[in-house]
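Undergrad: Okay, predicted coordinates and the sequence, questions at the end:
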Amino acid sequence: MPRHARIVVPNVPVHLIQRGHNRRACFFEERDFEYYLHWLEYFAAKYGCDIHCYVLMNNHVHIAATPHERDSLAHLMKSLNQRFVAYMNKSYQRTGTLWEGRFRSCLILDGEYFLTCMGYIELNPVRAGIVGHPRDYRWSSYRANAEGGENSCIAPHAHYLLLGSNELERSVAYRQLVAESNKESVVQSIRCATNANRVLGDPSNFTDLATPLLHRLPPGLRGRPKKGNE
């Protein structure tokens, strides 16, 4: 099946995933994670992308970001990947590709879907059985978003800021949201949209985008994520 072209719209958040080649490891030691995060922050600032959420797994990366120009995300990921691959090749005397082709992404048009997607991202280590609670995984943004931890890479999105009138209220509300983000139907919705480079949410909220984006909605995914037992 042919892959849909990637959609990027300035100032609209995106969830992206970049996998290691053949699902192989792309991080081996602590310094590898630290190096990646350093340059993620650097190139995000350079090319005009706000990073709202991330998790670095052993063999793949999830990021939720808002690009402010149409090419911001492409420039960020190209520069970051080139820098990181050069570092890995030099550090481990390796050659060849590290990543599995281009990153995949989905545009997120709805605030609730965006926040749910953040929870989905930060719960990755729990779903993988690496830790019992997301706070115990060092290489994610959970502690910044859910517990007020310091993280210079993270820029809170407006949807996140609406969770409360102060940091404590937002943290409490976000922790509750994350706890509800592990439903199988939610996980499958986000995976489906991201792997197919589709959109999550209702394009009718964006008058200029509604018609061209409507066909990029996965079946049954228009509107907000369902709450309660599914």
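TA: Happy to help now that I have it. This one's a predicted model, so the numbers in the text were calculated from it and none came from an experiment.
Undergrad: buried stuff in stretch 73-86?
TA: Buried residues in stretch 73-86, counting neighbours by 16 or more other C-beta atoms under 10 Å, are found at Leu73, Ala74, His75, Leu76, Met77, Ser79, Leu80, Asn81, Arg83, Phe84, Val85. All C-beta atoms are positioned from the backbone trio N, CA, C, and that covers glycine.
Undergrad: what's near enough to touch the residue nearest to Cys153 when sequence neighbours are not counted?
TA: Leaving out its chain neighbours, the residue that sits closest to Cys153 by C-beta to C-beta, 6 or more residues apart in numbering is Glu41, at 4.2 Å. By C-beta atoms under 8 Å, 6 or more residues apart in numbering, the contact list for Glu41 reads Ile51, Ser152, Cys153.
Undergrad: Top of those residues by number of neighbours, please.
TA: Ile51 (21 neighbours; other C-beta atoms under 10 Å).
Undergrad: how far away is His133 from Asn59?
TA: 22 Å (C-beta to C-beta, to the nearest Å).
Undergrad: Likewise for Lys78?
TA: 20 Å.
Undergrad: Now do Ile7, the pLDDT please.
TA: If you check Ile7, the pLDDT there is 76.
Undergrad: tell me which element Gln18 falls in.
TA: strand 14-19 (DSSP states H and E).
Undergrad: same check, this time on Tyr87
TA: helix 72-91.
Undergrad: Run through this protein and note the low-pLDDT ranges.
TA: Applying pLDDT under 70 to the chain flags the ranges 1-5, 202-230.
Undergrad: the strands in it, which residues?
TA: Here the chain has its strands, by DSSP state E, at 14-19, 49-56, 60-67, 104-108, 199-200.
Undergrad: which one of the ones you listed is the most hemmed in?
TA: strand 199-200 (a mean of 30; mean count of other C-beta atoms under 10 Å).
Undergrad: Just name whatever secondary elements that one is in contact with.
TA: Here strand 199-200 touches strand 104-108, helix 184-195, going by 3 or more C-beta pairs under 8 Å, 6 or more residues apart in numbering; DSSP states H and E.
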